[in-house]
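In: test case, fold it:
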Amino acid sequence: MPQTGYFHLHLVSDSTGETLITVARAAAAQYAHVQPVEHVYPMVRTKKQLDHALNEIAETPGLVLFTLIEEDLIESLENHCRELNLPCMSILGPVLRLFQSYLGAETLHRVGAQHVLNAEYFNRIEALNFTMMHDDGQNTQTLDDADVVLVGVSRTSKTPTSIYLANRGVKTGNVPLVPGVPVSPDVENLKRPLVVGLYASPERIVQIRENRLLGLNAHRDDDRYIDRTAVAEEVAFSRRLCAKHHWPLIDVTRRSIEETAAAVLRLYTDRKRAPGV
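Out: Here you go, the predicted structure:
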């Protein structure tokens, strides 16, 4: 157990490292009293590239996780870690062995197989382009082409949730609800997309807005932006609007972006499965 409050975490991948980073951070998040210092080595596909990673591992010893396919690279990395007496583990290895035992077939040993430029990939790119063009109330006249439209007052994580959903291939637009500004008929008359309202507690919204103003070193003459009573009225207005149109609501007060997106995806999947949809 490290006594310094931090530990070195080496992540070696023959692809982008996205899978490896996600798994490593999910595991590290369970340990509140120590923080990882990440050393990420993506696209490691040759002995020379691996040697660079091995040199840094030797200089800053720590936990080593990897997603490699080539057996010679795996053997070299494992031998090096064994010599340094460092823990070393393949993230994909146990899963691939489980697949092999169940399916009774060898793997393709294809590096970066999940990143093949297939139809799903291009659907994600199309969704991302759509989402960027329909962020923050832009181009409401074409919002009916969306899969999902998020509505809510300022600081309810509409944009990051939209981008996360787009990366899952879901064309997502988002529209801010502003006090005193009528909602566009383009939004109120939407038929095809799933419209979801995002809201949070007034206290949480005020806290986020105050932090944002501090971060921007900004000042607003209109203190209603961070007035608790005024913000409560904003939230109440957004909830009444959603109730009027029977739009589902999600409380994002204590949700991460990933959790909010997962809740939206459940609603979206359920809607697609509904008869007549």
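
In: I'd assumed P193 was in contact with D147.
Out: Yes. Taking CB atoms under 8 Å as the definition, D147 is a contact partner of P193 at 6.0 Å. From N, CA and C alone the C-beta is placed, and that goes for glycine too.

In: name the residues contacting each of those two.
Out: Overlap of the contact sets of D147 and P193 (by CB atoms under 8 Å, 6 or more residues apart in numbering) is empty.

In: and stretch 11-29, what's its mean pLDDT?
Out: For stretch 11-29, mean pLDDT is 90.

In: show me which residues of it are buried.
Out: For stretch 11-29, burial by neighbour count (16 or more other CB atoms under 10 Å) applies to L11, V12, S13, D14, S15, G17, L20, I21, A24, A28.

In: for stretch 253-272, same thing?
Out: For stretch 253-272, by 16+ other CB under 10 Å, it's R255, I257, T260, A261, A263, V264, Y268.

In: stretch 57-71 too?
Out: So, applying 16+ other CB under 10 Å, buried residues of stretch 57-71: I57, G62, L63, V64, L65, F66, T67, L68, I69, E70.

In: against D14, how distant is the residue of the chain most remote from its centre?
Out: Using CA atoms, centre = their mean, the residue of the chain lying farthest from its centre is E83. It sits 37.1 Å away. Distance, E83 to D14, using CB to CB, to the nearest Å: 22 Å.

In: same question for Q35.
Out: Going from Q35 to D14 by CB to CB gives 27 Å.

In: now the buried residues of stretch 11-29 in JSON lines, with distance to A166?
Out: Shown next, in JSON lines, are those (distance: CB to CB, whole Å):
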{"residue": "L11", "distance to A166": "26"}
{"residue": "V12", "distance to A166": "29"}
{"residue": "S13", "distance to A166": "24"}
{"residue": "D14", "distance to A166": "27"}
{"residue": "S15", "distance to A166": "22"}
{"residue": "G17", "distance to A166": "21"}
{"residue": "L20", "distance to A166": "23"}
{"residue": "I21", "distance to A166": "20"}
{"residue": "A24", "distance to A166": "25"}
{"residue": "A28", "distance to A166": "27"}
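
In: so which of these are in helices?
Out: Using DSSP state H, L20, I21, A24, A28 are the members of the buried residues of stretch 11-29 that sit in helices.

In: now these as CSV including distance to R204?
Out: Below are these laid out as CSV (distance: CB to CB, whole Å):
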residue, distance to R204
L20, 33
I21, 28
A24, 29
A28, 26
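
In: can you tell me which of the buried residues of stretch 57-71 is nearest N139?
Out: The nearest member of the buried residues of stretch 57-71 to N139, counting by CB to CB, is T67 at 39.2 Å.

In: over to the residue lying closest to E70 once chain neighbours are set aside: give its phi and psi.
Out: Sequence neighbours aside, D14 is the residue nearest to E70 in space, at 6.9 Å (criterion: CB to CB, 6 or more residues apart in numbering). Note on D14: its backbone torsions stand at phi -90, psi 0 [degrees, to the nearest 10].

In: adjust the sequence numbering to begin at 588 for everything that follows.
Out: I'll keep to 588 as the first residue from here, and by that count the last item is D601.

In: my read: D601 touches L660, true?
Out: Yes. Counting by CB under 8 Å, D601 does reach L660; the two are 7.3 Å apart.

In: strands of the stretch 638-787 of the chain, start to end?
Out: In the stretch 638-787 of the chain, the strands defined using DSSP state E, counting those that start in this stretch lie at 650-654, 675-677, 735-739, 759-763, 781-786.

In: which stretches of the stretch 588-737 of the chain have low pLDDT?
Out: Applying pLDDT under 70 to the stretch 588-737 of the chain flags the ranges 588-591, 692-706.

In: helices of that one, start to end?
Out: Under the criterion DSSP state H, counting those that start in this stretch, the stretch 588-737 of the chain contains helices at 605-615, 634-646, 658-671, 680-690, 706-720.
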